[in-house]
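Visitor: What would the 3D arrangement of this be:
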Amino acid sequence: MSARKTTVVVGVGPGLGMSIAHRFGREGHAVALISRSDRRHAGYVSALAEAGIEVESFVADVRDRDQILSALDAVAERFDRIDVLYYGPAATDLRTPPEPIVGMDTASVREAMAAVYSAVDVVGKVLPGMIERGDGGLLFAGGLSAVTPMPALGALALSSAALRNYALTLNTALVEKGVYAGSLIIGGLIERGDIHEMVESQRDRFGDVGIRSLDPDEIADTAWTLYSRRDRPEATFNAFG
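Guide: Got it, this is the predicted structure:
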């Protein structure tokens, strides 16, 4: 078994996902990147490798259970173990805004909850090994609507709250087993991320909302602090005051 720890970034993108990869990589972790397309993987891998981080990329859509579990098997085969799992796939697309809470139906709720179901799947895959070793970390990125009523987000508010509760409840259940679970509550556009880039390129549509943005490196620093210190189960980042 390798002595080097491995962090898996599920839902890697140019913003927070890559910041998480760099931050944990600087602490000596090998990094496995997972996203539904390999279109940008070469650039991601090159940037991390230039920083001296051992890295490999894998393709899987988190909503395809067999595909994501197979990818995690491939990560474990490549790196021997999974010590930290960051779960941060995109939850929304501004090109297709959600139905507000007063107009949503059960179909939209089921669709939004798919992200929570996927989180349960990936945790079920990696958690037994963490418990067996008596060490590990699970980090979940969710939206501000988990803690602040945001009617315009509709079903996404329900799934954000469910994901947050899952993380907090896991942390309580696992604290005596040496495994940490933490929640990153994010309110605002993340710089360098795809949604931030789209908003910035369409000021006529979105106005100055992009000005209220969050630095992904700062969020990643906090993610490392949560995991390493284990003195609180969540942190909130709110660009809207």
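
Visitor: Where does the prediction get shaky in the chain?
Guide: Residues of the chain that meet the criterion pLDDT under 70 lie in 1-2, 91-95, 192-212.

Visitor: check contacts around the residue nearest the centre of it.
Guide: In the chain, the centroid-proximal residue (C-alpha atoms, centre = their mean) is Gly88; its distance is 1.8 Å. Contacts for Gly88 (C-beta atoms under 8 Å, 6 or more residues apart in numbering) come out as 9-11, 16-17, 20, 140-141, 184. Any C-beta I mention is one placed from the backbone N, CA and C, and that applies to glycine too.

Visitor: so what's it closest to, chain neighbours aside?
Guide: Residue nearest to Gly88 in three dimensions, not counting chain neighbours: Ala141, with 3.7 Å by C-beta to C-beta, 6 or more residues apart in numbering.

Visitor: Check Ala21 too.
Guide: Val31 (4.7 Å).

Visitor: Give the pairing partners of the helix or strand the one you found falls within; include direction for each.
Guide: When elements are assigned from DSSP states H and E, Val31 belongs to strand 30-35. Strand pairing for strand 30-35, determined by DSSP bridges: strand 6-10 (parallel), strand 55-59 (parallel).

Visitor: Compare these and give me the one nearest Val122.
Guide: Each of the strands paired with strand 30-35 has some distance to Val122 by C-beta to C-beta; the shortest is strand 6-10, at 6.3 Å.

Visitor: Contacts for stretch 106-119 next, please.
Guide: 62-63, 65, 68, 87, 89, 91, 98-99, 140, 154-156, 158-159, 162-163, 166.

Visitor: repeat that for 6 Å
Guide: For stretch 106-119, the external contacting residues (C-beta atoms under 6 Å, 6 or more residues apart in numbering) are 62-63, 87, 91, 99, 155-156, 158-159, 162-163.

Visitor: Now that stretch: buried residues?
Guide: Using 16 or more other C-beta atoms under 10 Å as the test for burial, stretch 106-119 gives 108, 112-113, 115-116, 118-119.

Visitor: Verify the stated contact: Ala157 with Ser145.
Guide: Yes - under the criterion of C-beta atoms under 6 Å, Ala157 makes contact with Ser145 at 3.8 Å.

Visitor: Overlap in contacts, the two.
Guide: Counting by C-beta under 6 Å, 6+ apart, nothing touches both Ala157 and Ser145.

Visitor: what's around Asp221, how many residues?
Guide: 13 (other C-beta atoms under 10 Å).

Visitor: Equivalent analysis for the one 3 residues further on, please.
Guide: Other residues near Trp224 come to 19 when the count uses other C-beta under 10 Å.

Visitor: Wait, a helix at it?
Guide: Yes - according to DSSP: H, G, I helix; E, B strand; the rest coil, Trp224 belongs to a helix.

Visitor: hang on, isn't the residue nearest to Gly88 packed against Leu184?
Guide: Yes - the pair Ala141 / Leu184 is scored as a contact, 4.7 Å apart, by C-beta under 6 Å.
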